[in-house]
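Participant: What shape does this take:
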Amino acid sequence: MIEFQLDRASGVATYLQLVHQVKQALRLGTLRPGDQLPTAREVVESLAINPNTVLKAYRELEREGLVAGRPGLGTFVEQGIAGPTLADQHRLRRGLEEWVRQARAAGLDEEDLRALFSVVLAGAAREGVA
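Facilitator: Okay, here's the model as predicted:
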């Protein structure tokens, strides 16, 4: 089961952080069709947030067809998000970890890494690569 984390300083709405975390778990294969999401009550207790925030996130995921609520049972994953295979993810992660090590050795901090990655990602999108 997924355990949500919040970054209150991120500027991203709380419900969107929950949505993004579910999508990331689906992409990485840590959540699969049939898996149950934590109940709204469990999320409220663990994160100290408003129940409506959790319900809004779950409604958004339901609207996108990723989860479905089952009255009296909870909210369950309906479909995954297609992405690279787990082997491809592992290979790509190793490559990215090596890139981060090289960037750190070159003196880049976390903010520099994020900026560089964003620029490259935006450039790839413009070129139709991503």
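Participant: quick check: domain ranges of this structure?
Facilitator: Described in terms of automatic domain parsing, the domain architecture of the chain consists of the residue ranges 14-77, 86-126.
Participant: show me where pLDDT drops low in the protein?
Facilitator: Under the criterion of pLDDT under 70, the regions of the chain flagged as low confidence span 82-86, 129-130.
Participant: try 50 this time
Facilitator: Scanning the chain for pLDDT under 50 picks out no residues.
Participant: Give the buried residues for the biggest helix by length in it.
Facilitator: Ranked by residue count, the top helix of the chain under DSSP state H comes out as helix 86-105. With burial defined by 16 or more other C-beta atoms under 10 Å, the residues of helix 86-105 counted as buried are residue 103. Backbone N, C-alpha and C define where each C-beta goes, glycine included.
Participant: for that helix, packing partners?
Facilitator: Helix 86-105 is packed against helix 110-126, with contacts defined by 3 or more C-beta pairs under 8 Å, 6 or more residues apart in numbering; DSSP states H and E.
Participant: how does it look with 10 Å?
Facilitator: Here helix 86-105 is seen to pack against helix 14-28, helix 110-126 when contacts are counted using 3 or more C-beta pairs under 10 Å, 6 or more residues apart in numbering; DSSP states H and E.
Participant: for those helices, which one sits closest to residue 64?
Facilitator: helix 14-28 (8.4 Å; C-beta to C-beta).
Participant: How far away from the center of its chain is the closest one?
Facilitator: For helix 14-28, the separation from the chain centroid amounts to 3 Å (computed by C-alpha atoms, centre = their mean, to the nearest Å).
Participant: Number the chain from 7, please
Facilitator: Renumbered: residue one is now 7, and that last one reads helix 20-34.
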